[in-house]
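Novice: quick check, what structure comes out for this input:
(2 chains)
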There are 2 protein chains.
Amino acid sequence: MTSPSSAAPVTHQRADAALIDTLRGIVGAENVLTEPVDIEPYAFDGTAAIKQRPACVVFPRDRSLVAPCVHAVTSAGVPLVTRGSGTGLSGGSVPLDGAVTLGLNHLDQILEVDTANLTIRVEPGVITMRVDEEAAKHGLFYPPDPGSQKISTIGGNVAENSGGLRGLKYGVTRDYVMGMRVVLASGEEVWLGNQCVKDVAGYNLKDLFIGSEGTLGVITEVLLKLLPRPAARKTMVATFATIESAAQAVSDIIARKIVPCTVEFLDQMTIRCVEDYAKLGLPTDAAALLLLESDGHPVVVEEESAAMHQALTDNGATDVQTAQTEAEAEKLRTARRAAFSALARVSPTTILEDVTVPRSELAGMVRFCAECAERHQLRIGTFGHMGDGNLHPTFLTDERNEDEMRRVHEALGEIVTETLRRGGTITGEHGVGLAKKPFLRQQLGDASYDLLGKVKRALDPQGLLNPGKVFD
Amino acid sequence: MTSPSSAAPVTHQRADAALIDTLRGIVGAENVLTEPVDIEPYAFDGTAAIKQRPACVVFPRDRSLVAPCVHAVTSAGVPLVTRGSGTGLSGGSVPLDGAVTLGLNHLDQILEVDTANLTIRVEPGVITMRVDEEAAKHGLFYPPDPGSQKISTIGGNVAENSGGLRGLKYGVTRDYVMGMRVVLASGEEVWLGNQCVKDVAGYNLKDLFIGSEGTLGVITEVLLKLLPRPAARKTMVATFATIESAAQAVSDIIARKIVPCTVEFLDQMTIRCVEDYAKLGLPTDAAALLLLESDGHPVVVEEESAAMHQALTDNGATDVQTAQTEAEAEKLRTARRAAFSALARVSPTTILEDVTVPRSELAGMVRFCAECAERHQLRIGTFGHMGDGNLHPTFLTDERNEDEMRRVHEALGEIVTETLRRGGTITGEHGVGLAKKPFLRQQLGDASYDLLGKVKRALDPQGLLNPGKVFD
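Specialist: Presented below is the predicted three-dimensional model:
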């Protein structure tokens, strides 16, 4: 089903020797990889079972070189895929066969910390966690903390609009991007946004580019908003005999007008895998585990923590542990931070879902995933961000087992349909990329889906920026 | 200067008798105004000296009637201008001669308050202040408070991305819009966004439509995020002998890692006009007056207020008054809320500017406006949101005085140029509309400006939604 206004499919060129020579001339021969053995690590990202080889990988060492690279590639009619650390979980930075991959991880300068205006300006290859570390030196705070924050780049975070564990209280990457420099498909470079807290001059193209997964332009500079650093933080873990009682405890906390910094959730399968992996002494008979954090003024944190503790015990928590020291807090956080690694080691193939529902639908959704696993005789461990309804049902499977993979795909389809029935989204923080592309029209509906293509064709008429991602 | 891809100017039709009959058939004859005397109030909005008559004004009484109206008008090739309460300050809802004006102020139902997910869903014609009043019934809070909040509609706020007095701490309208239903130029109706805290499925079209000033679609439903209501609030007013010391006090407050809810500013001209108007006992010899508010947990408010008081006196505040009761606080707020009315009564024509600079540039910018007034022998009163760098230099003039108006326009041009030199924006919260259109290319630059046209043509190829606004 395509809209009448769809353009005919564009035929892309493969990068040839002449283009590769041109790119060598721009960035220096030592910064262009073409040998299969060198290119191999750039053929996939953090997404399972998706792999395609680019013709070459190009690493500009100065951000002024990005625009000439983009211009050279698009002028030749060749697709361009931008990449940071390649930690994406939807295949957004997986190249196309014969395309040019533009690696921005060497553009890793902190350009300016402005303590008067509470902003930081960075190059796209800066590692996410370093942004917060730089902010901390000035008593400031960059809240977004995606799971891959120690490896992922800020450019990738902006391109994917990454989330993290603090979404409920602090929002996601988008909420901190005040401006960005972008190279368009034409090779022109533009600034979108600025350092003003308020700005309504013209359409908000900045927010259109955030989360556009490299399909509208290449980010060469990012201006981020910072907050005062919270003075105190308190961490607690609670276990429950049922998922419903855990969900009810979270609802009660919100009903008490408390917005915790973090409310994370592990189901029984995940608790058992984490315990098996990290030996933290978790109760493996618990149906649900919650990790909760309050941050802010010390008095507020004390009051909030006490009220949260009360809500947890009122709802039948079987155990509540509050960290007394930062070391203890770190240990409690480990249970959640280790979830994906702990699940991933159990089986040859791990398929990590990212469905999100309104918070009030979360208990029902977790229950649905468990029933779905049983019905299809699959193993699904579910963990995620209970505070913001963002769930990661994780299929523990084996891609060599054809029959099981068929059942996995049936179950995936059912989970997506149930998510949408509950007013949810197919992806809360991982992006559409290649992995979620088959489900996007189902979520948006025809009219809304067709708008995406119209915007894409307006800004990248040749369809050369990360083609085939998000939608066809 | 136009981009090579610019479409040829489109010739618009005027609404004829057949179209008006069709519209009467859709909404009922009693909801279509065509008589000049009835139409007159819809020929202008809150912007000085801009006036054009529509062919008719149509008031759907049910939101399901908006799509058929839009379809009828655009099918006839006639321009459509959407309007709420008409309080806009950039001419965004001023009609075109012969166009159809769609008045949405009767669509004023609160559709749902969802206390589990902290959201409110409303029709576009709901008065802004009513959103917060409904939220307050549930202990919740809708922070955006544009100056016109008692009259303006939420649909207009979303279309203009309205700001207000709490931007520094709480952001603007955009930060609270989770979803919206929009009728496109084709008459199709789409939902953009949803009730999920995190959602990265496809391009973020919701944020593209917010602030698009009715040029991309007609809003028929809005889903807004709410916050827990702050338990306490403290209000204080300080006066200063120089603008620089007031600005330094604000910088010191931010440097102490305090983000007040409100930091408002009046210059001497504004103080004198307010005192003359409202007789509040303000010191008319002060160069600057600050209104500051802290809100949140009572303990935090106490501490913040004490630290703010200290920063004010450290920077030579000539007087600091802290409200002890809500009545006293309301009296202090009156000085700021009355600023525009107080200035407007001084002269026949009031031209309200809306330039915004990074906070650190604010003192210099206020000084520039004062010098500019002196150089051109004009009266400019400046007030605004010091916390977020959003200034409202207000020209007290007379449009019948040709020579003075020439000088006003020279001064306006100089203020815009200086604003952009300081990294600012031509409009912080009023929108571009007709008033700021001449300056938009200067701010954005050619490449970025041309993107707006590309997006507009992709979504409204006939150019019928609010044509001539924002850009040509």
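
Novice: which parts of the stretch 1-150 of chain A sit against chain B?
Specialist: A:Asp114, A:Thr115, A:Ala116, A:Asn117, A:Leu118, A:Gly139, A:Leu140 (Cβ under 8 Å from any Cβ of the partner chain). In this view, the C-beta of every residue, glycine as well, is placed from N, C-alpha and C.

Novice: now do the contacts for the closest residue to the fourth one other than its chain neighbours.
Specialist: Read that as A:Asn117. Nearest residue to A:Asn117, sequence neighbours excluded (Cβ to Cβ, 6 or more residues apart in numbering or on different chains): B:Pro358, at 4.8 Å. Shown in contact with B:Pro358 (Cβ atoms under 8 Å, 6 or more residues apart in numbering or on different chains): A:Asp114, A:Ala116, A:Asn117, A:Asn194, A:Gln195, A:Cys196, B:Gly389, B:Arg422, B:Gly423, B:Gly424.

Novice: swap the cut-off to 10 Å and go again
Specialist: Neighbouring residues of B:Pro358 by Cβ atoms under 10 Å, 6 or more residues apart in numbering or on different chains: A:114, A:116-119, A:178, A:194-197, B:365, B:388-389, B:422-425.

Novice: with A:Ala288 instead?
Specialist: Residues in contact with A:Ala288, defined by Cβ under 10 Å, 6+ apart, are A:238-247, A:249, A:265-268, A:270-271, A:317-318, A:363, A:366, A:382, A:386.

Novice: how close does it get to A:Ala306?
Specialist: To A:Ala306, A:Ala288 is 22 Å away according to Cβ to Cβ, to the nearest Å.

Novice: and what of A:Pro54?
Specialist: 55 Å.

Novice: ok, A:Asp132 next?
Specialist: Distance of A:Asp132 to A:Ala306, given as Cβ to Cβ: 28 Å.

Novice: neighbour-wise, which of these two wins?
Specialist: A:Asp132 (18 against 13; other Cβ atoms under 10 Å in any protein chain shown).

Novice: does that one count as helix, strand or coil?
Specialist: helix (DSSP: H, G, I helix; E, B strand; the rest coil).

Novice: ok, and the closest non-adjacent residue to it?
Specialist: Closest residue in space to A:Asp132, ignoring its immediate chain neighbours: A:Tyr142 at 4.2 Å, by Cβ to Cβ, 6+ apart.

Novice: I figured A:Arg121 hits A:Met178, correct?
Specialist: Yes - counting by Cβ atoms under 10 Å, a contact exists between A:Arg121 and A:Met178, whose distance comes to 9.3 Å.

Novice: leaving out chain neighbours, which residue sits closest to A:Glu160?
Specialist: Per Cβ to Cβ, 6+ apart, closest to A:Glu160 is A:Gly431, 4.4 Å.

Novice: buried stuff in stretch A:67-81?
Specialist: A:67-74, A:76, A:78-81 (16 or more other Cβ atoms under 10 Å in any protein chain shown).

Novice: scratch that, stretch A:465-472
Specialist: Buried residues in stretch A:465-472, defined by neighbour count with 16+ other Cβ under 10 Å: A:Leu465, A:Asn466, A:Pro467, A:Gly468, A:Lys469, A:Val470, A:Phe471.

Novice: how close does A:Gly453 get to chain B?
Specialist: Distance of A:Gly453 to chain B, given as Cβ to the nearest Cβ, to the nearest Å: 9 Å.

Novice: show the contacting residues for A:Thr356.
Specialist: By Cβ under 10 Å, 6+ apart, A:Thr356 lies in contact with A:163, A:167, A:362, A:365, A:384-385, A:388-392, A:419, A:422-429, B:194-201.

Novice: and whichever strand or helix holds A:Gly156, how far out from the chain's middle?
Specialist: Using DSSP states H and E, A:Gly156 sits in helix A:154-160. Computed by Cα atoms, centre = their mean, to the nearest Å, the chain-centroid distance of helix A:154-160 equals 8 Å.

Novice: would the next helix or strand after that helix count as contacting chain B?
Specialist: Scanning forward in sequence from helix A:154-160 by DSSP H and E, the next helix or strand is helix A:167-170. Yes - Helix A:167-170 lies within reach of chain B by Cβ under 10 Å from any Cβ of the partner chain, at A:Gly167, A:Leu168, A:Lys169.

Novice: ok, A:Leu23 touching A:Val100?
Specialist: Yes - here A:Leu23 reaches A:Val100: they are 7.1 Å apart, a contact under Cβ under 10 Å.

Novice: which neighbours do the two share?
Specialist: With Cβ under 10 Å, 6+ apart as the test, A:Leu23 and A:Val100 both reach A:Ala15, A:Val32, A:Cys56, A:Val57, A:Val58, A:Cys69, A:Ala72, A:Val73, A:Ala76.

Novice: got a pLDDT number for A:Arg336?
Specialist: pLDDT, A:Arg336: 88.

Novice: again with A:Ala317
Specialist: A:Ala317 carries a pLDDT value of 97.

Novice: gap between the residue nearest to it when sequence neighbours are not counted and chain B?
Specialist: By the measure of Cβ to Cβ, 6+ apart, the closest residue to A:Ala317 outside its immediate chain neighbours is A:Ala238, 4.2 Å from it. Remark: distance between A:Ala238 and chain B (Cβ to the nearest Cβ) = 20 Å.

Novice: which residues does A:Ala238 contact?
Specialist: Here A:Ala238 is in contact with A:245-246, A:249, A:286, A:288-292, A:308-309, A:311-313, A:315-322 (Cβ under 10 Å, 6+ apart).

Novice: quick one: buried ones out of the residues you listed?
Specialist: Among those, those that count as buried by neighbour count (16+ other Cβ under 10 Å) are A:245-246, A:249, A:286, A:288-292, A:308-309, A:311-312, A:315, A:317-318, A:320, A:322.

Novice: from the residues you listed, which ones fall inside strands?
Specialist: Mapping the buried ones among the contacts of A:Ala238 onto strands (DSSP state E) picks out A:Ala288, A:Leu289, A:Leu290, A:Leu291, A:Leu292, A:Val320, A:Thr322.

Novice: make a markdown table from those and add pLDDT to it.
Specialist: A markdown table is the format used below for these (pLDDT from 0 to 100):
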| residue | pLDDT |
| --- | --- |
| A:Ala288 | 96 |
| A:Leu289 | 96 |
| A:Leu290 | 97 |
| A:Leu291 | 96 |
| A:Leu292 | 97 |
| A:Val320 | 96 |
| A:Thr322 | 95 |
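
Novice: and which of the residues you listed is nearest to B:Ser212?
Specialist: Nearest to B:Ser212 out of those is A:Leu292 (Cβ to Cβ; 39.2 Å).

Novice: doesn't A:Glu264 make contact with the closest one?
Specialist: Yes - with contact defined as Cβ under 10 Å, A:Leu292 counts as touching A:Glu264 (7.7 Å).

Novice: where do the contact lists of the two overlap?
Specialist: A:Val237, A:Met386, A:Gly387.

Novice: the second one and A:Val250 touch, don't they?
Specialist: The reference is to A:Met386. Yes - between A:Met386 and A:Val250 there is a contact at 5.4 Å, judged by Cβ under 10 Å.

Novice: which neighbours do those two share?
Specialist: Common neighbours of A:Met386 and A:Val250, counting by Cβ under 10 Å, 6+ apart, are A:Leu168, A:Pro260, A:Val263, A:Phe265, A:Leu290, A:Leu292, A:Arg359, A:Leu362, A:Ala363.

Novice: all helices for the stretch 51-200 of chain A, in order.
Specialist: With DSSP state H, counting those that start in this stretch, the ranges of helices along the stretch 51-200 of chain A come out as A:66-75, A:128-136, A:154-160, A:167-170.
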